[in-house]
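In: give me a model of this one.
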Amino acid sequence: MKKIYFASDQHFGAPTPELSLPREKKFVAWLDEVKEDAEAIFLLGDLFDFWFEYKTVVPKGFVRVLGKLAEIRDSGIPIYFFVGNHDLWMNDYFEKELNIPVYHDNREFTFNGKTFLIGHGDGKGPGDKGYKRMKKVFTNPFSKWLFRWLHPDLGVGLAQYLSVKNKLISGDEDITFLGEDKEWLILYAKRKLETKHYNYFVFGHRHLPMIIPVGEDSNYVNLGDWIGYFTYGVFDGENFELKKFEK
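Out: As a prediction, this is how the structure comes out:
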């Protein structure tokens, strides 16, 4: 079979559009490479450091990556997008303009007899109660309605500032491995295994590339990021690997 590719946490636009541009070009080069043998591509959130869809307006920029995604999707390769904590205000822009489905929570997939639970990973597992409360506020329809009344120049600028400065709002954590008994997503995966078996739990959010066994023939995968690691996941029908894009 062809390969299934996974990537997450590009955070394009941060810390500034100018400094983000080389990373965006590198990611587009990766998309050009994997499209040659991709059965499907999964993007697991935080593609942008901030994203909000007004009724007729979206944040400017990112034309290279959006154009490449459109090209790949038009070629017939499925692309699946899972919102992260930085782009959780996605609505239907990707679906209407790019024909890319957008998921706001985990989804199950099966490839070649292997079961996957896939998502961004924010707000899962025990702890992180402050962010979980904040996420409920941000995803409330009334909150989104209020934000739309801000002029985009004000609303987007304010949100971009808070995205970088306020870690409670963004949901970001220190990028340090806490140990298997303290990593929330590992604990979450082990709890899910109590009721249903999955071969792979594939998440982003933690920015740490790792594959850790969590049960019999079951692994937790974190994809890393495209800020310092430039890592991605690839499933060839039998095995799952993390690789680093070097170009």
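In: which secondary structure elements does the longest helix along the chain contact?
Out: Looking across the chain with DSSP state H, the single longest helix is helix 17-34. Helices and strands touching helix 17-34, by 3 or more C-beta pairs under 8 Å, 6 or more residues apart in numbering; DSSP states H and E, are strand 3-7, helix 63-74, strand 231-235. The C-beta positions use only the backbone N, C-alpha and C, and glycine is treated the same way.
In: and the next helix or strand after it, how far out from the chain middle?
Out: Next helix or strand after helix 17-34 toward the C-terminus (DSSP states H and E): strand 38-43. Centroid displacement of strand 38-43 relative to its chain, using C-alpha atoms, centre = their mean, to the nearest Å, is 13 Å.
In: what residue ranges in this structure score low on pLDDT?
Out: Applying pLDDT under 70 to the chain flags residues 125, 127-139, 144, 147, 155, 157-174.
In: grab the most central residue of it for me.
Out: Central residue of the chain (C-alpha atoms, centre = their mean): residue 45, 1.7 Å from the mean position.
In: ok, for that one, nearest residue in space, not its chain neighbours?
Out: Closest residue to residue 45 apart from its sequence neighbours, by C-beta to C-beta, 6 or more residues apart in numbering: residue 84 at 2.6 Å.
In: if we can go back for a sec, the residue nearest to the centre of the chain contacts residue 123, doesn't it?
Out: No. If you go by C-beta atoms under 8 Å, residue 45 and residue 123 don't touch, sitting 11.6 Å apart.
In: which neighbours do these two have in common?
Out: residue 85 (C-beta atoms under 8 Å, 6 or more residues apart in numbering).
In: would you quantify the distance from residue 118 to residue 56?
Out: Distance, residue 118 to residue 56, by C-beta to C-beta, to the nearest Å: 31 Å.
In: ok, these two, which is more surrounded?
Out: It is residue 118, of residue 118 and residue 56, that has more neighbours when counted by other C-beta atoms under 10 Å, with 22 against 6.
In: show me what counts as buried in stretch 117-127.
Out: Applying a neighbour-count criterion of 16 or more other C-beta atoms under 10 Å, the buried positions in stretch 117-127 are 117-125.
In: TSV for those residues, including distance to residue 208 and secondary structure?
Out: Shown next, in TSV, are these (distance: C-beta to C-beta, whole Å; DSSP: H, G, I helix; E, B strand; the rest coil):
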residue	distance to residue 208	secondary structure
117	18	strand
118	17	strand
119	16	coil
120	14	coil
121	11	coil
122	14	coil
123	17	coil
124	15	coil
125	15	coil
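In: tell me the one of those nearest residue 213?
Out: Set against residue 213, the nearest of the buried residues of stretch 117-127 by C-beta to C-beta is residue 117 (15.2 Å).
In: quick one: residue 95 from residue 102, how far?
Out: Distance, residue 95 to residue 102, by C-beta to C-beta: 6 Å.
In: residue 69 against residue 79, yeah?
Out: Yes. Between residue 69 and residue 79 a contact is recorded at 6.2 Å, counting by C-beta under 8 Å.
In: which neighbours do those two share?
Out: Joint contacts of residue 69 and residue 79 (C-beta under 8 Å, 6+ apart) are 98, 100.
In: looking at those two, which is more packed in?
Out: Applying other C-beta under 10 Å to residue 69 and residue 79 shows that residue 69 carries more neighbours, namely 24 against 20.
In: got phi/psi on the closest residue to that one other than its chain neighbours?
Out: Leaving aside its sequence neighbours, residue 69 sits nearest to residue 98 (C-beta to C-beta, 6+ apart; 5.6 Å). With angles defined as degrees, to the nearest 10, residue 98 sits at phi -120, psi -10.
In: could you do residue 223 as well?
Out: Backbone geometry at residue 223, expressed as degrees, to the nearest 10, gives phi -80, psi -10.
In: check contacts around the residue nearest to residue 230 when sequence neighbours are not counted.
Out: Distance criterion C-beta to C-beta, 6+ apart; nearest residue to residue 230, sequence neighbours excluded, is residue 245 at 4.8 Å. Residues in contact with residue 245 (C-beta under 8 Å, 6+ apart) are 26, 29-30, 33, 230-232.
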